[in-house]
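> Build the 3D model from these lines:
(chains A and B)
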Amino acid sequence: DAGITQSPRHKVTETGTPVTLRCHQTENHRYMYWYRQDPGHGLRLIHYSYGVKDTDKGEVSDGYSVSRSKTEDFLLTLESATSSQTSVYFCAIREPGTDTQYFGPGTRLTVL
Amino acid sequence: AQRVTQPEKLLSVFKGAPVELKCNYSYSGSPELFWYVQYSRQRLQLLLRHISRESIKGFTADLNKGETSFHLKKPFAQEEDSAMYYCALSGNNAGNMLTFGGGTRLMVKP
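Coordinates of the predicted model:
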């Protein structure tokens, strides 16, 4: 499973509350990604990181922020959760020298 | 801009029948293409990538640059093949981001 874990695995929260999701890797890979998965849309990139403190926006970044203070951890924060952010969130890492990405187990987030 | 289209949201076949999951892409350069599989509520798993030309679990996919397609095929479907399948493209972009299609759910009936 490529040494990627996500926490929490499930979370229910209320509109307007902040939420932080954690992705942890044991592979020491440089590139890490956050995607959201929604029916009919496949996976869409939220943010990615290309090193400690180096991040950039993806296709659907509005309402999300990220941080990477250590190689192994990539945090995704919803500053003020909305119902449209109810989704399954996947973290991924990229195999060095290739474009192949390996995915974490996902976090199912429900915003009421 | 790069785009991946999987025209079928659901494909239902009987066990032992051939399977073809369609994937079309638009990209102006030389893409790298992947198929990922997701079994019920599990993580996405890499099924195959065109650059390595390998066959996994009996699945193959050929990149057709003329038709801009990367269809996934298997000659004889098994019940355990039932899953969501995603086609993805990596172009020459900052961050080596993957662009995913909307996915096709394959149901193999006994």
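> Residues of chain A that sit close to chain B?
Within chain A, the positions lying close to chain B (CB under 8 Å from any CB of the partner chain) are A:1, A:31, A:33, A:35, A:40-45, A:48, A:50, A:56, A:58, A:90, A:92, A:94, A:98-106. From N, CA and C alone the C-beta is placed, and that goes for glycine too.
> got any ranges where chain A has weak pLDDT?
Within chain A, the stretches with pLDDT under 70 are A:1-2.
> Tell me where it has helices.
Shown for chain A, no helices are assigned by DSSP state H.
> I'd like to know the beta-bridge partner residues of residue B:36.
Beta-bridge partners recorded for residue B:36 (DSSP bridges): residue B:46, residue B:86.
> And the residue of chain B positioned farthest from its centre, what's its pLDDT?
The centre of chain B is farthest from one residue, residue B:94, which by CA atoms, centre = their mean lies 23.2 Å away. Note on residue B:94: pLDDT of 70.
> can I assume it is in contact with residue A:56?
Yes - under the criterion of CB atoms under 8 Å, residue B:94 makes contact with residue A:56 at 7.0 Å.
> Name the nearest residue to residue A:53, sequence neighbours excluded.
In this structure, residue A:53 finds its nearest non-sequential neighbour in residue A:68, 6.3 Å apart by CB to CB, 6 or more residues apart in numbering or on different chains.
> show me what contacts that neighbour?
By CB atoms under 8 Å, 6 or more residues apart in numbering or on different chains, the residues touching residue A:68 are A:32, A:49, A:51-55, A:74-75.
> Please, a PyMOL command that selects the buried ones among those?
Burial among the contacts of residue A:68 is assessed by 16 or more other CB atoms under 10 Å in any protein chain shown; the matching PyMOL selection reads:
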select buried, chain A and resi 32+49+55+74+75
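> Among the contacts of residue A:68, which lie within strands?
Among those, DSSP state E puts A:32, A:49, A:51, A:54-55, A:74-75 in strands.
> what is residue A:67 paired to in the beta sheet?
residue A:75.
> ugh, wrong one, residue A:57
On the basis of DSSP bridges, residue A:57 takes part in beta bridges with residue A:47.
> re earlier: switch the ones in strands among the contacts of residue A:68 over to a markdown table, and while doing so, append distance to residue B:47 to every line.
Listed next are those as a markdown table, based on distance: CB to CB, whole Å:
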| residue | distance to residue B:47 |
| --- | --- |
| A:32 | 22 |
| A:49 | 26 |
| A:51 | 29 |
| A:54 | 30 |
| A:55 | 29 |
| A:74 | 25 |
| A:75 | 29 |
